[in-house]
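Asks: How does the following fold in three dimensions:
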Amino acid sequence: MNTSSRSSNPGASSESGEDFILRLIDVHTHFESRGGIVRAVDGVSLDIRRGEILGLVGESGCGKSTLSRTIMQLVSPRSGTILLENQDLTQAPKREIRRQRLNFQMVFQDPYASLNPRMTVYSTLAEAIRTRRRLSGPSLTERVGDLMERVGLERRFMKKYPHEFSGGQRQRIAVARALAPEPKLIIADEPISALDVSIQSQILNLLQRLVRDFGLTMLFISHDLSVVYYIADRIAVMHAGKIIELGTAEEVMKRPQQQYTRSLLEAVPRVKIS
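Replies: You can find the predicted model right below:
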């Protein structure tokens, strides 16, 4: 996708025949500060195709996390439209948003902070499962065990608490919790940046496999372009609250159109072996 041939907003779609699960149309999210208005998200239009992994990349402070929280309706946009399967979330009442939130779940950066330290794995996953299914007893236990195995954890750990697991294991629990309500879209906000390098590739491979096996769609957010290139089908580059470049992972990585994207590429570490 050559961004020079697109409209003035690189995130805007000209492919109306495609099946989009999420569409953002001119979304603005602003905050007031002592210095004035902070335009964290400043006119973002973006489409996510059903079944794809869209990578969103940019440096810290560019608005990536604010955009993800705006999509989740954890932060209200100042203006614009957010469509989940053509359902306008920006106009929906709170009760409808809570119902729709089962269809889009989030995996956060810090798995320890995102898990309740007083709840066992079983309690955490069982609570999330029951938002969609009325299960109890052995059927619920079986479902919890199945989810744990799907993310690479043994069933015998379901009575343990978050502090008894490693960082990578906790993130697997967080991923299982996101899967439990059987969503259609998962937003993964820097899901590996708090993990050891040796564990990061395992979580990336897990996410790729789950998208394929469950027929999910994913918005994967990172500041690391090489990580996004590894996992994503397409890449959107965000800078100062705007999407400045959008294309296939191959195009953005090998033929970037914007100087900002090229600077992100130059920041990717390269190991020299003498």
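
Asks: all contacts plus neighbour counts: C-alpha atoms, from now on.
Replies: OK.

Asks: For Leu246, give its distance to Arg39.
Replies: Between Leu246 and Arg39 the computed distance is 21 Å (Cα to Cα, to the nearest Å).

Asks: Who has more neighbours out of the two?
Replies: Just comparing Leu246 and Arg39: by other Cα atoms under 10 Å the higher neighbour count belongs to Leu246, 27 against 18.

Asks: Specify the local secondary structure of that one.
Replies: Three-state assignment for Leu246 (DSSP: H, G, I helix; E, B strand; the rest coil): strand.

Asks: Quick one: residues contacting the nearest residue to it once chain neighbours are set aside.
Replies: The shortest distance from Leu246 to any non-neighbouring residue, by Cα to Cα, 6 or more residues apart in numbering, is to Ala236 (4.4 Å). The neighbours of Ala236, taking Cα atoms under 8 Å, 6 or more residues apart in numbering as the test, are Gly11, Leu54, Gly55, Leu56, Val57, Ile243, Ile244, Glu245, Leu246, Gly247.

Asks: what do you get if the cut-off is 10 Å, keeping everything else the same?
Replies: Listed by Cα atoms under 10 Å, 6 or more residues apart in numbering, the contact set of Ala236 reads 10-11, 46, 54-58, 221, 228, 242-249, 252, 261.

Asks: Could you do Glu182 as well?
Replies: Counting by Cα under 10 Å, 6+ apart, Glu182 touches Leu102, Asn103, Phe104, Gln105, Ala128, Ile129, Thr131, Arg132, Arg133, Phe214, Leu216.

Asks: ok, back up a step: just the contacts of Ala236: which are in helices?
Replies: Using DSSP state H, the subset of the contacts of Ala236 located in helices is Val228, Ala249, Val252, Thr261.

Asks: mind checking pLDDT for the second one?
Replies: Ala249 is assigned 96 on the pLDDT scale.

Asks: can you pull the contacts of the residue lying closest to it once chain neighbours are set aside?
Replies: Leaving aside its sequence neighbours, Ala249 sits nearest to Arg234 (Cα to Cα, 6+ apart; 4.7 Å). Arg234 makes contact with 1, 48-49, 52-56, 228, 246-252 under the criterion Cα under 10 Å, 6+ apart.

Asks: now swap in Lys242 and tell me
Replies: If you count contacts by Cα under 10 Å, 6+ apart, Lys242 has them with 9-11, 26-28, 39-45, 62-64, 236.

Asks: Quickly name whichever of the contacts of Glu182 is closest to Pro111.
Replies: Nearest to Pro111, judged by Cα to Cα, of these is Gln105 at 14.2 Å.

Asks: What is the three-state secondary structure of that closest one?
Replies: Classification of Gln105 by three-state DSSP places it in strand.

Asks: circling back to that earlier point, of the contacts of Arg234, keep whichever come out buried.
Replies: Among these, the ones that count as buried by 16 or more other Cα atoms under 10 Å are 48-49, 52-56, 228, 246-252.

Asks: show me where the stretch 101-250 of the chain has helices.
Replies: Ranges of helices in the stretch 101-250 of the chain, per DSSP state H, counting those that start in this stretch, are 111-114, 121-129, 137-150, 167-179, 197-214, 225-231, 249-254.
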